[in-house]
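Chemist: Sequence and predicted structure are below.
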Amino acid sequence: MTKQELVTKMQEAQAFVPGKKVRLHFGDEGAILLDGQASQVTEDADSPADTTLKVSWADWESMAAGQLDGMTAFMTGKLKVEGDMSNAMQLQGVLAKLR
């Protein structure tokens, strides 16, 4: 799956945290913004976010497929969280919408 395909799939599934802005930063692959305030998912890497999750593209795909648990990724350093941790905890529900 490409990043653009992910954006489209997440938008269709309404995969964002209501009322919050969460950025998924994939390193060299860029970033997407889950904007729960505007109810949209974009490739906006520059807007302010309540929470930023940093994860490699490969690890994100494993998490989205259910092969890598988010907590395990966090505990092993594959997933880093900046900002409001409670938003990151709500992303389990977001990932469930992608399956």
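Modeler: Yep, that arrived.
Chemist: Thought Phe26 was touching Trp57, still the case?
Modeler: Yes - contact status for Trp57 versus Phe26: in contact at 4.6 Å, counting by CB atoms under 8 Å. (Glycine included, C-beta is placed from N, CA and C.)
Chemist: neighbour-wise, which of the two wins?
Modeler: When neighbours are counted by other CB atoms under 10 Å, Phe26 comes out ahead of the other of Trp57 and Phe26, with 20 against 17.
Chemist: just the helices in the chain please.
Modeler: Ranges of helices in the chain, per DSSP state H, are 3-12, 57-64, 70-75, 85-89, 91-98.
Chemist: Relative to the centre of the protein, find the outermost residue for me.
Modeler: Most distant from the centre of the chain: Thr76, at 17.6 Å, with distances by CA atoms, centre = their mean.
Chemist: Let me know the pLDDT of that residue.
Modeler: With respect to pLDDT, Thr76 scores 96.
Chemist: again, but for Gly83
Modeler: 94.
Chemist: what's the residue farthest from the centre of the chain sitting at in phi/psi?
Modeler: phi -100, psi 0 (degrees, to the nearest 10).
Chemist: and it, what is it in contact with?
Modeler: If you count contacts by CB atoms under 8 Å, 6 or more residues apart in numbering, Thr76 has none.
Chemist: So what's the residue count around Lys21?
Modeler: 22.
Chemist: Name all residues that make contact with it.
Modeler: Going by CB under 8 Å, 6+ apart, the list of residues near Lys21 reads Leu33, Leu34, Asp35, Gly36, Gln37, Ser47, Pro48, Ala49, Asp50, Thr51.
Chemist: Next, the contact list for the last one, please.
Modeler: For Thr51, the contacting residues are Lys20, Lys21, Val22, Arg23, Val81, Glu82, Gly83, Asp84, Met85, Asn87, Ala88, by CB under 8 Å, 6+ apart.
Chemist: and these, which are buried?
Modeler: Lys20, Lys21, Val22, Arg23, Val81, Gly83, Asp84, Asn87, Ala88 (16 or more other CB atoms under 10 Å).
Chemist: Mind checking which of these are in strands?
Modeler: Those of these mapping onto strands are Lys21, Val22, Arg23, Val81, Gly83, per DSSP state E.
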